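Visitor: give me a model of this one.
(chains A and B)
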Amino acid sequence: MTTDVAVRPAPPPGAPGGGARPRSRWSVPGGTALGVGSAVLYLSLIVLIPLAVVAWRSVDQGPGYFWRAVTTPDAWAALTLTVGASFLVALINLVMGTIIAWVLVRDRFPGKAVVDTLIDLPFALPTIVAGLVLLALYGPESPLGLNLAYSRAGVVLALLFVTLPFVVRTVQPVLLELDKEMEQAAASLGASPFQTFRRIILPNLVPAMLSGTALAFTRSIAEFGSTVLISGNLPFKTQVAAVNIFSQIEGDNTTGAAAISTVLLVVALVALVSLDLLQRWGSRRG
Amino acid sequence: MAIEVRDVNKSFGTTPVLRDVSIDVESGSLTALLGPSGGGKSTLLRVIAGLEQPDTGTVRISGVDATRLAPQRRNVGFVFQHYAAFKHLTVFRNVAFGLEIRKRPKDEIRRRVMELLELVHLEQMADRYPSQLSGGQRQRMALARALAVEPEVLLLDEPFGALDAQVRKELRTWLRRLHDEVHVTTVFVTHDQEEAIEVADTIVVLADGEVKQVGSPAEVYDNPADPFVMRFLGPVTEIGGNLVRPHDIEISAEPVEGGTAATISRVVRLGFEVRVELTVEGRDAWVQVTRGFADQLALTPGDVVNVRPVPGARSLTLAAV
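Guide: Predicted coordinates for the structure are as follows:
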């Protein structure tokens, strides 16, 4: 927000466009064209063209084949498991990630800096290593006596681990920037700490919470490495979509693999777009 | 008394910010806490609001001991320098917040909020978001929000500090008028002596965590308790070891009783006012005269004149440095 504009005396009441920022869209025409050009080119090479090829491959034997490939019992089971588990994982990490971000920003405790660094570990670790660790910890020889190997709970656990940082890292900066005086103002107006949280803090965090959740969800859908070991890849039971795609490719069924990939792609897109719409709807403020 | 503060001490770490502060604020008054930054005035205001806890001492609001009361239960309105607007709520909902918390009926809230928005001239802005308002408008919204809960005292922490000079001037005149209409006991913090003199009916001068002087603007200006207060409240100059207001010095061409010879070094014309800079006994001083007077004596640099404090002028003897 440009404060110099905000503090200028406003036009008289009723004048049009009191709060509108002057926007010069073409202020640096040359620079803008170059910037947009390279961004589009890069995005096309890295993202759009490969995705288009996947989608194209998935229907190169006709829509009927696409449909049959997606609805074979094992593919369908893998897809529903993946989407369902991802949904659950995104929800859990929405709550837990927000709590962790809160604790990291608002509380003081010894070793906070270490914890803050640890949050990024799931990002940094190769996911197959994460899978190994999880298998060692929660596998048949679990030192904790907790065997989650070859079960759906194991899949969920692996996904929880890999997607933990998303919500934490999106909520944390917003919480840091949050104006403490808003909370003090609410308190002096009579709001209890809980009312202040629900009416003042939470609404300001929701956009960040939602985008973190969207990222966690889409990441879960695509997860391969961390789940491949602990799930045991039992078709109809613990095989996730990414692993199913892999086995289709191994079985030389690239069209089928592309079909399932396309479904994942669409689910991820729908999730991102709908959460984005939700955010816009929730923040019509300027 | 609306507010009684007794022997309040407060330190941040090892730094004392308030030292044995005691003040009384009369019901219905408009009091300024005036002092340099870091003098403890904002902390005192926050102690009254319950946003800070004093280390020792008591705060009574309307006769009730509020020292250990949470801010929610003190029934004070607080206005922050940077507005503390609820960014995600419209102007209407910002002002309605305290009433919604108190679970007042919907139509009562609507009526009261619109009344207040009219009072602060924001009735057209009810559906806007704070980001769509100017700084002055946001601060008026914050004021309406604080007034909505009918507080026993209204506390304003440098309310105009973030605004530009023009808006500042408008708003302080407006605050004075608003107070004449609403009559709620008001305490505001400022480091601007002009603002304090113009708006307040009582000034509390606070520096180094101590109350230096309390009085009406005229008292504090004309009878400052010490050189610090005198310097802080307005322009001063030094003549013959005395601290004097520059408009309380006479210049004459002929030697006069009690006068001292001075050499004019510079004459600065600032419209109606003329600033005469001169050297008295080897020290620089300055005198404020009217243009007519300067023309009458034809004051020019290099002239030797006589200066003395106007008879009856308040001056403070400085300890020899």
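
Visitor: residue 170: which element?
Guide: Chain wasn't specified; assuming chain A. helix A:152-177 (DSSP states H and E).

Visitor: that's the other chain; I wanted chain B
Guide: Judged by DSSP H and E, B:Glu170 forms part of helix B:165-182.

Visitor: what of A:Pro143?
Guide: Assessed by DSSP H and E, A:Pro143 sits outside every helix and strand.

Visitor: that one and B:Glu118: what is the separation?
Guide: 70 Å (Cβ to Cβ, to the nearest Å). For every residue, glycine as well, the C-beta is placed using N, CA and C.

Visitor: same thing with A:Val266?
Guide: A:Val266 is 53 Å from B:Glu118, by Cβ to Cβ.

Visitor: for B:Phe232, same thing?
Guide: Counting by Cβ to Cβ - B:Phe232 and B:Glu118 are separated by 38 Å.

Visitor: out of these two, which sits in the busier spot?
Guide: With neighbours defined as other Cβ atoms under 10 Å in any protein chain shown, B:Phe232 and B:Glu118 compare such that B:Phe232 has more, 22 against 12.

Visitor: and the residue lying closest to the more buried one once chain neighbours are set aside, how many neighbours does it have?
Guide: In space, and not counting its chain neighbours, B:Phe232 is closest to B:Gln193: 6.2 Å by Cβ to Cβ, 6 or more residues apart in numbering or on different chains. B:Gln193 has 21 neighbours, counted by other Cβ under 10 Å.

Visitor: and B:Gln193, what is it in contact with?
Guide: B:Leu34, B:Phe232, B:Leu233, B:Gly234 (Cβ atoms under 8 Å, 6 or more residues apart in numbering or on different chains).

Visitor: which of those residues lies closest to B:Glu219?
Guide: Ranked by distance to B:Glu219 (Cβ to Cβ), these are led by B:Leu233 at 10.3 Å.

Visitor: do you know the pLDDT at A:Gly18?
Guide: Confidence at A:Gly18, expressed as pLDDT, is 39.

Visitor: ignore what I typed, I meant A:Gly282.
Guide: 69.

Visitor: so where's chain A shaky on pLDDT?
Guide: A:1-31, A:282-286 (pLDDT under 70).

Visitor: kindly report the domain assignment for it.
Guide: For chain A, the structural domains run A:1-15+A:25-60, A:63-285, going by automatic domain parsing.

Visitor: can you lay out these as TSV showing distance to chain B and mean neighbour count?
Guide: Listed next are the domains of chain A as TSV, based on distance: least, Cβ to the nearest Cβ, whole Å; neighbours: other Cβ atoms under 10 Å in any protein chain shown:
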stretch	distance to chain B	mean neighbour count
domain A:1-15+A:25-60	4	11
domain A:63-285	4	18
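
Visitor: got those domains as JSON lines, with distance to B:Ser42 columns?
Guide: JSON lines is the format used below for the domains of chain A (distance: least, Cβ to Cβ, whole Å):
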{"stretch": "domain A:1-15+A:25-60", "distance to B:Ser42": "21"}
{"stretch": "domain A:63-285", "distance to B:Ser42": "12"}
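
Visitor: show me what residue of chain B gets nearest to chain A.
Guide: Using Cβ to the nearest Cβ, the single residue of chain B nearest to chain A is B:Gln132, 2.7 Å away.

Visitor: what about that residue, how many neighbours?
Guide: Applying other Cβ under 10 Å, I find that B:Gln132 has 21 neighbouring residues.

Visitor: any idea of the pLDDT on it?
Guide: 93.

Visitor: thinking again about what came up before, which of the contacts of B:Gln193 fall within strands?
Guide: B:Leu34 (DSSP state E).

Visitor: report the two of the contacts of B:Gln193 separated the most.
Guide: B:Leu34 and B:Gly234 (11.9 Å).

Visitor: measure stretch A:241-257 end to end?
Guide: 10 Å (Cα to Cα, to the nearest Å).

Visitor: let me see the backbone angles for the residue nearest to B:Phe232.
Guide: phi -70, psi -30 (degrees, to the nearest 10).

Visitor: and what of A:Val70?
Guide: Taking degrees, to the nearest 10 as the convention, A:Val70 sits at phi -80, psi -30.

Visitor: need the contact list for it.
Guide: Contacts of A:Val70 (Cβ under 8 Å, 6+ apart): A:Trp76, A:Leu79, A:Ala259, A:Ile260, A:Val263.

Visitor: do the same with A:Lys112
Guide: Per Cβ under 8 Å, 6+ apart, neighbours of A:Lys112: A:Leu104.

Visitor: helices and strands around the helix or strand hosting A:Trp281, which ones?
Guide: Using DSSP H and E, A:Trp281 sits in helix A:254-282. Helix A:254-282 sits against helix A:49-58, helix A:63-70, helix A:73-106, helix A:202-222, helix A:241-250, with contacts defined as 3 or more Cβ pairs under 8 Å, 6 or more residues apart in numbering or on different chains; DSSP states H and E.

Visitor: tell me the centre residue of chain B?
Guide: B:Ala196 (3.1 Å; Cα atoms, centre = their mean).

Visitor: okay, that residue and A:Val240: tell me how far apart.
Guide: 70 Å.

Visitor: also A:Ala191?
Guide: 45 Å.

Visitor: helix, strand, or coil at B:Asp20?
Guide: Here B:Asp20 is recorded as strand under DSSP: H, G, I helix; E, B strand; the rest coil.

Visitor: can you get me a residue count around it?
Guide: Around B:Asp20 there are 14 residues (other Cβ under 10 Å).

Visitor: do the same with the one 4 residues further on
Guide: Other residues near B:Asp24 number 16, with proximity taken as other Cβ under 10 Å.

Visitor: ok now stretch A:100-115, how far from the chain's centre?
Guide: Mean-position distance between stretch A:100-115 and its chain equals 22 Å (Cα atoms, centre = their mean, to the nearest Å).

Visitor: how far does it stretch from one end to the other?
Guide: 10 Å.

Visitor: and if you look at stretch B:288-302?
Guide: End-to-end for stretch B:288-302, by Cα to Cα: 18 Å.

Visitor: now that stretch: buried residues?
Guide: Using 16 or more other Cβ atoms under 10 Å in any protein chain shown as the test for burial, stretch B:288-302 gives B:Gln288, B:Val289, B:Ala294, B:Leu297, B:Leu299.

Visitor: for stretch B:207-225, same thing?
Guide: B:207, B:209, B:211-215, B:217, B:220-222, B:224-225.

Visitor: how about the helices in the stretch 101-250 of chain B?
Guide: B:106-119, B:135-148, B:165-182, B:193-199, B:217-222, B:227-233 (DSSP state H, counting those that start in this stretch).

Visitor: for B:Phe86, which of those is the nearest?
Guide: Short answer: helix B:135-148, nearest of these by Cβ to Cβ, at 8.4 Å.
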